[in-house]
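Q: Return a 3D structure for these sequence lines:
(one chain, ligands or ions: 1)
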Amino acid sequence: MRVPARAAARAAKLRAEIEGHNYRYHVLDEPLVTDAEYDALMRELQELEARHPELVMPDSPTQRVGAAPSEAFKEVSHAVPMLSLNNAFDEQEVEAFDRRVREALGAERVEYAVEPKFDGLAVSLIYEGGALKRGATRGDGYTGEDVTANLRTVRAIPLGLTSRRAPRLLEVRGEVLMLKSDFEHLNRAQREKGEKEFANPRNAAAGSLRQLDSAVTAGRRLTFFAYGIGAQDGAPRFRRHSELLDYLEEKRFPVARERAVASGLREVLEYYRRMAPKRPELPYEIDGVVYKVNDLAGQEELGFVSRAPRYAVAHKFPAEEATSVVAGIEVQVGRTGALTPVARLDPVSVGGVTVTNATLHNEDEIRRKDIRIGDTVVVRRAGDVIPEVVRVIASRRPGNARRFVMPARCPVCNAAVEKPEGEVVARCTAGLYCPAQRKQALLHFASRRAMDIEGLGEKLVDQLVDRKMVETPADLYRLDAGSLSALERMAEKSASNIVAAIEGSKRVMLARFIYALGIRNVGETTARDLARHFGDRLKAIMGADDQTLLEVPDVGPVVARSIAQFFHEPHNRKVIEQLLDAGIVFERAASQPGRSRVAGKTFVLTGTLPNLAREEAKRRIEAQGGRVTGSVSKKTGYVVLGADPGAKHDKARKLGIPVLDEAGLLELLND
Ligand code: IVH
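A: Numbers count the residues shown, from 1 in each chain. A predicted model of the protein is given here:
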């Protein structure tokens, strides 16, 4: 049957349009259409192809949904071997690498292409005449497995090269990954289906790519980043690695935004130090950075030793996971009475820090992961997050491993523990009568973002509560240097410093004071919204009922209930009264909100500002009645841009939101 020219033209147009949307969504992270609009285009193409099967092309986006399951993967050999990288674990090893490179090239200083080291799995993509012909895993570097059908389902991978004169042969190399968010999502789904969870995004990506049924792969969200070229014929001649990456980017391959060029050892190490703190914020896992001699002739001159190139090195980050043994499980009581089981671990270094405790979150979590005392476990510490136990290594469970049971009474005050139906958290019911809750409440009250009383730390609070010198925050204001200096490890000087800090905290913004009270469900933002809504009048907030509180922006029924309940409680009212009697007065924001150009505007800060710390910028914006939020939307007033801005900048541009640099922000604040 002949295909009408109109149908063929429409199919070609749809294919181009859909692939364009794939590119915008999966590579640029800037979708133009809604999911529904995308689905409609896809459906139209599917229908067209069903009516005219001759129209089905291997590079049609409809073919990304997976092909018929196969029996086994075919073996393929790599024309250019896929080698590995040598590792450097510290700066000395990088220095030695740079020295070897400089000596071999006879150069004083070498330029390097620097990029993240993706923690996924390496693949090779072969394009012949511009069409994706074969995709393979790395395997042992010489022979891999043909996973073409699976790689076709990865929407970040172009099915064809956009250009009129495509090279006869181009082998693109890169890494298949699963984003952290997609990994969480997948594991949640696995859990709900009662199926096995994946240990980390890399395993999930590997497991998804090595599926004999590519429809399964299609159901998993994988992505791809290109970092090099293998075999080629008819591709442009590049002089530098960075040019080759530019070319791949132009051909619509995802290439790390974080890549850069660094000249000499100093800049290379600066790149490492810049990337290390970004690691937890990146949407995908990286386990280090890679430095490659940028000059390709130089690369060739350096060549290989055994299985790794001499021209490149992977500078690894400290591992975020390590194994240790659960020596015991203790229960900590938090500010709201929540009982948190904590694993006491044999000391182990994770991510460069010695870890001896890891949170187990709650009883359900312990049961789900089946963690027992005596177990060998994988401990994870990523960025500044509290270390946690990821999983048990079941094969190493000793015969005498013991299960954990949540105590029925509070381990600190012996009051009853309750766990309401449907909730996961068990709580001590004693409230502020429980010394543990009292201590936490005091620490919260004094914390930097609340009353900001410097020097009032854990050790001091422990003593003050244990000796019954302080029961409520109001008691803090009755302390004098004489009684403080009688405490352990308290010199006269530090005692008077603390008294001065307590005195200094008496002038405070109402929002901070409300936050300091530690009302359940009231964080900094809600505290600020309350103060603003009630015109900085504490009495009005204390007297508000649920209905009135619901008028405050972003306050829902649960939060309104917590607030009303808190101020209804006679004990709380009494403490507040005592605090006011002690001389606490509320300061107004520096300039009257409403008059400043910042007032009422929402700011998003992205990247590092040259002089202002993020906290400081936030404080100054808020002092003038502005708000700082994390994500860019139509409601954003300004995006403030520092060095290395992320995707937020692109989004601001797309939405036409004014963008400021630090100078611009300061001008606005000083106006
Ligand atoms: S270049 C001959 N660049 O690391 C040079 N590899 O240990 C080969 N990897 O198998 C690779 N990110 O899977 C290169 N930006 C990057 C990389 C990277 C991750 C992986 C790759 C390779 C392994 C080598």
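Q: show me what contacts the residue nearest to residue 658 when sequence neighbours are not counted?
A: Distances taken as C-beta to C-beta, 6 or more residues apart in numbering place residue 638 nearest to residue 658, at 5.2 Å, with adjacent residues excluded. The way it works is simple: take the backbone N, C-alpha and C, and place the C-beta from them, glycine included. Contacts for residue 638 (C-beta atoms under 8 Å, 6 or more residues apart in numbering) come out as 601, 603, 604, 657, 658, 659, 660, 665, 668.
Q: Tell me how many other residues surround the fifth one.
A: Burial measure for residue 658: 12 neighbouring residues, criterion other C-beta atoms under 10 Å.
Q: pLDDT wise, what is it at?
A: pLDDT, residue 658: 86.
Q: May I have the phi/psi pair for the residue of the chain found nearest the ligand?
A: Relative to the ligand, the nearest point of the chain is residue 122 (3.2 Å; C-beta to the nearest ligand atom). As for residue 122, its main-chain torsions (degrees, to the nearest 10) stand at phi -80, psi 140.
Q: burial count for the closest residue to it other than its chain neighbours?
A: Using C-beta to C-beta, 6+ apart and skipping residues adjacent in sequence, the residue nearest residue 122 is residue 138, 4.1 Å away. Residue 138: 20 surrounding residues under other C-beta under 10 Å.
Q: cool, and residue 364?
A: Counted with other C-beta under 10 Å, the burial measure for residue 364 works out to 12 neighbours.
Q: tell me the SS of it?
A: Each residue gets one of three states, and residue 364 gets helix by DSSP: H, G, I helix; E, B strand; the rest coil.
Q: can you pull the contacts of residue 271?
A: Contacts of residue 271 were listed using C-beta under 8 Å, 6+ apart, and they are 114, 260, 262, 289.
Q: Within the helices and strands, which one has residue 85?
A: Taking DSSP states H and E as the definition, residue 85 sits outside all helices and strands.
Q: which SSE is the residue nearest to it when sequence neighbours are not counted in?
A: Nearest non-adjacent residue to residue 85, counting by C-beta to C-beta, 6+ apart: residue 314, 4.3 Å away. Taking DSSP H and E as the criterion, residue 314 maps to strand 312-316.
Q: Let me know whether that strand sits next to the ligand.
A: Yes: interface with the ligand: strand 312-316 contributes 312, 314 (C-beta under 6 Å from any ligand atom).
Q: Name the strands paired with that strand and say parallel or antiparallel.
A: When pairing is defined by DSSP bridges, strand 312-316 lines up against strand 87-88 (parallel), strand 286-293 (antiparallel).
Q: How about the secondary structure of the residue most central in space within the chain?
A: Residue closest to the mean C-alpha point of the chain, counted by C-alpha atoms, centre = their mean, is residue 281 at 3.9 Å. Three-state call for residue 281 (three-state DSSP): coil.
Q: Residue 423 now?
A: Assigned with three-state DSSP, residue 423 falls in the coil class.
Q: same question, residue 63
A: At residue 63 the chain is in helix, as set by three-state DSSP.
Q: still on that earlier bit, contacts only, for the residue of the chain closest to the ligand.
A: Contact criterion C-beta under 8 Å, 6+ apart gives 82, 137, 138, 173, 174, 175 as the residues in contact with residue 122.
Q: Show the pLDDT at the nearest residue to the second one once chain neighbours are set aside.
A: Going back to what we said before, that points to residue 137. For residue 137, the nearest residue in space outside its immediate sequence neighbours is residue 144; the separation is 4.3 Å by C-beta to C-beta, 6+ apart. Residue 144 is assigned a predicted lDDT (pLDDT) of 92.
Q: The one 5 residues further on too?
A: The model reports residue 149 with a pLDDT of 93.
Q: Distance across stretch 172-182, terminal residue to terminal residue?
A: Looking at stretch 172-182, the gap from its leading to its trailing residue is 24 Å under the measure C-alpha to C-alpha, to the nearest Å.
Q: Please apply the same query to stretch 14-30.
A: Using C-alpha to C-alpha, the gap from the first to the last residue of stretch 14-30 comes to 19 Å.
Q: where does the stretch 201-350 of the chain dip in pLDDT?
A: Within the stretch 201-350 of the chain, no range satisfies pLDDT under 70.
Q: same question but for the chain, I mixed them up
A: Where the chain drops to pLDDT under 70, the residues are 1, 589-595.
Q: Show me which residues of it sit near the ligand.
A: 83-85, 115, 117-118, 122, 138, 175, 227-228, 290, 309, 312, 314.
Q: What segments of the stretch 251-400 of the chain are strands?
A: 260-263, 286-293, 304-305, 308-309, 312-316, 321-333, 339-350, 353-359, 376-380, 388-392 (DSSP state E, counting those that start in this stretch).
Q: just those: most buried one?
A: With neighbours taken as mean count of other C-beta atoms under 10 Å, the strands of the stretch 251-400 of the chain reach their highest mean count in strand 286-293, at a mean of 24.
Q: CA-only coordinates of that strand, as PDB, when you get a sec.
A: Extracted as PDB, the C-alpha positions of strand 286-293 are listed here (Å, rounded to 0.1, in the frame of the first residue of the first chain):
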ATOM      1  CA  ILE A 286      29.200  12.000  41.100                       C
ATOM      2  CA  ASP A 287      32.100  10.300  42.800                       C
ATOM      3  CA  GLY A 288      34.900  12.800  41.900                       C
ATOM      4  CA  VAL A 289      36.100  15.000  39.100                       C
ATOM      5  CA  VAL A 290      38.100  14.100  36.000                       C
ATOM      6  CA  TYR A 291      41.000  16.100  34.600                       C
ATOM      7  CA  LYS A 292      42.000  15.500  31.000                       C
ATOM      8  CA  VAL A 293      44.900  17.100  29.100                       C
END
